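In: Got a predicted model here, sequence first, then my questions.
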Amino acid sequence: MPDPAPVERRPDSFALGPYTVPRLWVGLWQLSSPAWGTAPASQIREAMRRHVDHGYTAFADHYGASEILFGQFQATLPPGAVLGATKWCVFKAVDPTRACVDAAVRERLTRLRATQIALLQFYWQDYADTRYMTALRHLLDLRREGVLGAVGIVNFDAIRTDEICTQLGPGAIVTNQVAFSLVDTRPLHGLADVCERHGIKLLTYGTLCGGFLADKWLGAPEPDPYTSALTPSQRKYLDVITKAWGDWALFQALLTVLRAVGDRHASASIASVAVRWVLDHPCVGAVLVGTRLGVSEHPDDNARVFTFTLTEADRADIEAVLARSAGRRMITSIGDCGAEYR
């Protein structure tokens, strides 16, 4: 008799406020600019549907037209079929009155074609202006009124995350979205403890370093950021890899180890091993995988993340390379999570 067809593995899930969501989310930031490649809107919506069919039912980081595209797609589905996490980012000083907050949320609702935002993620540029607490209290009022399903924050460091959660109380904030990868481990130096203390989860981006943590870069020469066909994300993370973390030779050593680890687990990809390593930290709720919808997608390979478990030997081999890097010093050379944007 022929072997039975393999059972498709769908993403694991976790509780986020009132929702149960997958531990891999579709990151939509690459729809914000043609620099990542473009596709027709209809093709993008078809790609969103393919991801939902694979179990990827949470979409995040709505920049540019991505809010509109996701809203169009969401409108074709039954209520609650997908979760959309969008943002309100305050870069310049504003007076966060209730009217100001209402206007920002209404704009998001209009673009999403929705009556409720499942997860509204809040970013505030200037820590010296502590009115971010006022804005968050208004957002929590909107949550109580049913306009928001849950409230999260974006790129807040350990000190401010602790302050916010302490002042607003248990369950007020459900997530903090920050960079976290094998290269950028800053969340482990303070923020992870804050998450455990207050019962919040991290949503992580940059987990694949713009795509550098992938098999295609194993054995590849260091790209020139000015002449190579790199995406905006790759230019950003190449700088982190070669200036803040280590150099290209050490990065190649990391890729070599990740390839060997993957080979122990039915040839799992380097990307899958890198994501698995981040997901294994208790403070992490989900990894946001940036996806060039309609241009370049890997839903099947992403699902491999949930087919294996890293062993102690795997972790030791990975740690041996990380110990040679400046990764643990990035908390001081760059600053805590989000410092690079302030």
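Out: Okay, I see it. Numbering: from 1, shown residues only.

In: And the contacts of stretch 260-267?
Out: 268-270, 272-273, 307-308, 310-311, 314, 317-318 (C-beta atoms under 8 Å, 6 or more residues apart in numbering). Just so you know, the C-beta spots here come from the backbone N, C-alpha and C atoms, and that holds for glycine as well.

In: If we use 7 Å, what do you get?
Out: Residues outside stretch 260-267 that contact it (C-beta atoms under 7 Å, 6 or more residues apart in numbering): 268-270, 272-273, 308, 314, 317-318.

In: Next step: these restricted to helices.
Out: 270, 272-273, 314, 317-318 (DSSP state H).

In: In TSV, list those residues along with pLDDT, neighbour count and distance to residue 261.
Out: What follows is these, written out as TSV (pLDDT from 0 to 100; neighbours: other C-beta atoms under 10 Å; distance: C-beta to C-beta, whole Å):
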residue	pLDDT	neighbour count	distance to residue 261
270	98	24	9
272	96	26	10
273	98	26	5
314	98	21	5
317	98	17	6
318	98	20	7
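
In: what about this structure, any weak spots by pLDDT?
Out: Low-confidence segments of the chain (pLDDT under 70): 1-9, 29-39, 62, 292-300.

In: now the strands for it?
Out: 13-16, 19-22, 24-27, 58-60, 83-90, 117-124, 148-154, 175-179, 201-205, 284-290 (DSSP state E).

In: Return the set of buried residues in stretch 183-198.
Out: 183-187, 189-192, 194-195, 198 (16 or more other C-beta atoms under 10 Å).

In: what's the span of it from first residue to last?
Out: Using C-alpha to C-alpha, to the nearest Å, the end-to-end distance of stretch 183-198 comes to 26 Å.

In: Can you name the residues in contact with that stretch?
Out: In contact with stretch 183-198 (C-beta under 7 Å, 6+ apart) are residues 158, 161-162, 165, 178, 180, 201-202, 206, 209, 240-241, 245, 281-283, 327-328, 330-331, 336-337.

In: Can you give the distance from that stretch to the centre of its chain?
Out: 15 Å (C-alpha atoms, centre = their mean, to the nearest Å).

In: swap in stretch 257-270?
Out: Distance, centroid of stretch 257-270 to centroid of chain: 23 Å (C-alpha atoms, centre = their mean).

In: just stretch 68-75 next, same as before
Out: On C-alpha atoms, centre = their mean, the centre of stretch 68-75 falls 20 Å from the chain's centre.

In: In CSV, list the strands of the chain along with mean neighbour count and distance to residue 224.
Out: Formatted as CSV, the strands of the chain follow (neighbours: other C-beta atoms under 10 Å; distance: least, C-beta to C-beta, whole Å):
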stretch, mean neighbour count, distance to residue 224
strand 13-16, 16, 40
strand 19-22, 18, 37
strand 24-27, 26, 26
strand 58-60, 27, 32
strand 83-90, 21, 31
strand 117-124, 24, 32
strand 148-154, 23, 31
strand 175-179, 27, 24
strand 201-205, 25, 25
strand 284-290, 24, 22
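
In: for those, which one sits closest to residue 169?
Out: Closest approach to residue 169 among these (C-beta to C-beta): strand 148-154, 12.1 Å.

In: elements contacting the closest one?
Out: strand 117-124, helix 132-144, strand 175-179 (3 or more C-beta pairs under 7 Å, 6 or more residues apart in numbering; DSSP states H and E).

In: hmm, try it at 10 Å
Out: strand 13-16, strand 83-90, helix 98-112, strand 117-124, helix 132-144, helix 158-168, strand 175-179, strand 201-205 (3 or more C-beta pairs under 10 Å, 6 or more residues apart in numbering; DSSP states H and E).

In: can those go into a markdown table with extra columns for distance to residue 252?
Out: Compiled in a markdown table, these are given as follows (distance: least, C-beta to C-beta, whole Å):
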| stretch | distance to residue 252 |
| --- | --- |
| strand 13-16 | 34 |
| strand 83-90 | 35 |
| helix 98-112 | 42 |
| strand 117-124 | 34 |
| helix 132-144 | 41 |
| helix 158-168 | 32 |
| strand 175-179 | 22 |
| strand 201-205 | 24 |
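
In: and residue 221, which of the ones you listed is closest to it?
Out: strand 175-179 (25.5 Å).

In: so what strands line up beside the closest one?
Out: strand 148-154 (parallel), strand 201-205 (parallel) (DSSP bridges).

In: the helices in the stretch 201-342 of the chain, which residues?
Out: 232-239, 248-264, 270-279, 299-303, 312-322, 330-333 (DSSP state H, counting those that start in this stretch).

In: Can you give me every residue that contacts residue 76?
Out: If you count contacts by C-beta atoms under 10 Å, 6 or more residues apart in numbering, residue 76 has them with 45, 48-49.
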